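Chemist: Turn this into a model:
(one chain, ligands or ions: 1)
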Amino acid sequence: MPSGTVLAPPALEARDLHKSYGAHRVLRGVDLTVAPGRLVAVVGENGAGKSTLLKALAGVLAADRGEVVHHGTLGYCPQEPVLNDSLTVEQHLRYFAAARRLPGLEHGHELVGRLGYEKYLGTAAGELSGGTRQKLNLTLALLHDPDVLLLDEPYQGFDWETYLRFWELTEELRSHGRAVVVITHLVFERERFDLLADLVDGRLVTRATGATEAEEARHADV
Ligand SMILES: Nc1ncnc2c1ncn2[C@@H]1O[C@H](COP(=O)(O)OP(=O)(O)OP(=O)(O)O)[C@@H](O)[C@H]1O
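Modeler: Below is the predicted model:
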């Protein structure tokens, strides 16, 4: 490392996380450190415990043991959208903005525009298609521009155009120093990430990708 390099504190740190459902030991000592501006993929077989891990990182599920520390604000996009079917898209933006004490709806409207579903602003969530519900789910997680983002298969049901827009948005967030953790099943997109974290037997095995090595080489040149 070049002299004078200042390491930023991690945006997210999990140490020795354990979680069981009855006798089923799902997480068995997960460690994970994510620096600001890093994009991390959590991969693993069906039932490996990826969603359980993300819930524990988000604090919506209490781990049995271990610790999670995040610096700054947190956004969590669960696999199943938590929406009120009788409220419109616009009303969701309004309620979540009020809950987050945001000054206005500009950022919400910008996200709706970027994900391409403005025409549904006045539609009740219960009448939206699965993909559009997922867009709203993602919008609500991003609404307050969180420092740490936890996304559980965020593009399920997206059409190709929206999928590409999702990646544009995510890469922009990364370049603005946001730490992003994404659960993914798609092997072909692995090169987009800085770090692959494979959940095996309740623990994470991490592996840097070409993206990280290239970036570290750039830093080493400075
Ligand atoms: N609330 C629960 N009660 C009991 N068992 C659960 C509960 N939630 C998850 N499990 C079990 O824990 C294991 C891990 O589930 P989890 O949903 O975290 O896996 P996953 O890696 O996200 O799976 P997938 O790739 O299919 O989404 C599975 O065997 C699942 O059946």
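
Chemist: With adjacent residues omitted, what lies nearest to residue 157?
Modeler: Spatial nearest neighbour of residue 157, excluding adjacent residues (Cβ to Cβ, 6 or more residues apart in numbering): residue 131 at 3.6 Å. C-betas here are computed from N, CA, C, even on glycine.

Chemist: ok, how many other residues are close to that neighbour?
Modeler: Neighbourhood size, residue 131 [other Cβ atoms under 10 Å]: 16.

Chemist: And it, how close does it get to the ligand?
Modeler: Residue 131 sits 18 Å away from the ligand, taking Cβ to the nearest ligand atom, to the nearest Å as the criterion.

Chemist: quick one, what contacts that residue?
Modeler: Contact analysis of residue 131 by Cβ atoms under 8 Å, 6 or more residues apart in numbering lists 156, 157, 158, 159, 162.

Chemist: try 10 Å this time
Modeler: By Cβ atoms under 10 Å, 6 or more residues apart in numbering, the contact list for residue 131 reads 115, 117, 155, 156, 157, 158, 159, 162, 163.

Chemist: What is the most widely separated pair among those?
Modeler: Taking Cβ to Cβ as the measure, the contacts of residue 131 reach their widest spread between 117 and 156, a distance of 15.1 Å.

Chemist: With neighbour numbers in mind, choose between these two.
Modeler: Neighbours were counted for residue 117 and for residue 156 using other Cβ under 10 Å; residue 117 has more, 21 against 15.

Chemist: I figured the more buried one hits residue 137, correct?
Modeler: No: look at residue 117 against residue 137 with Cβ atoms under 10 Å: they stay out of range, at 11.6 Å.

Chemist: quick one: which of the contacts of residue 131 is nearest residue 37?
Modeler: In terms of Cβ to Cβ, no member of these lies closer to residue 37 than residue 155, at 21.1 Å.

Chemist: so how far is stretch 44-62 off the chain centroid?
Modeler: Centre-to-centre, stretch 44-62 and its host chain are 12 Å apart (Cα atoms, centre = their mean, to the nearest Å).

Chemist: Could you tell me the end-to-end distance of it?
Modeler: Chord length of stretch 44-62, first to last residue, is 21 Å (Cα to Cα, to the nearest Å).

Chemist: so where do the helices sit in this protein?
Modeler: Remark: helices assigned in the chain by DSSP state H are 50-58, 89-99, 106-114, 130-142, 160-175, 210-221.

Chemist: Report all helices and strands that the first one contacts.
Modeler: By that I understand helix 50-58. Where contact means 3 or more Cβ pairs under 10 Å, 6 or more residues apart in numbering; DSSP states H and E, helix 50-58 is packed against strand 12-21, strand 24-34, strand 39-43, strand 65-70, strand 74-77, strand 148-152, strand 179-183, strand 195-200.

Chemist: Alpha carbons only: can I get stretch 100-113 in CSV?
Modeler: This file holds the C-alpha atoms of stretch 100-113, laid out as CSV (Å, rounded to 0.1, in the frame of the first residue of the first chain):
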residue,chain,number,x,y,z
ARG,A,100,-37.5,9.4,6.6
ARG,A,101,-38.0,13.1,7.2
LEU,A,102,-37.0,14.0,3.7
PRO,A,103,-37.6,17.6,2.6
GLY,A,104,-39.5,16.6,-0.6
LEU,A,105,-40.4,14.0,-3.2
GLU,A,106,-37.9,15.1,-5.9
HIS,A,107,-35.5,12.1,-5.4
GLY,A,108,-38.5,9.7,-5.3
HIS,A,109,-39.8,11.1,-8.6
GLU,A,110,-36.3,10.9,-10.1
LEU,A,111,-36.0,7.3,-9.2
VAL,A,112,-39.5,6.5,-10.6
GLY,A,113,-38.4,8.2,-13.8
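
Chemist: Cool, thanks, talk later.
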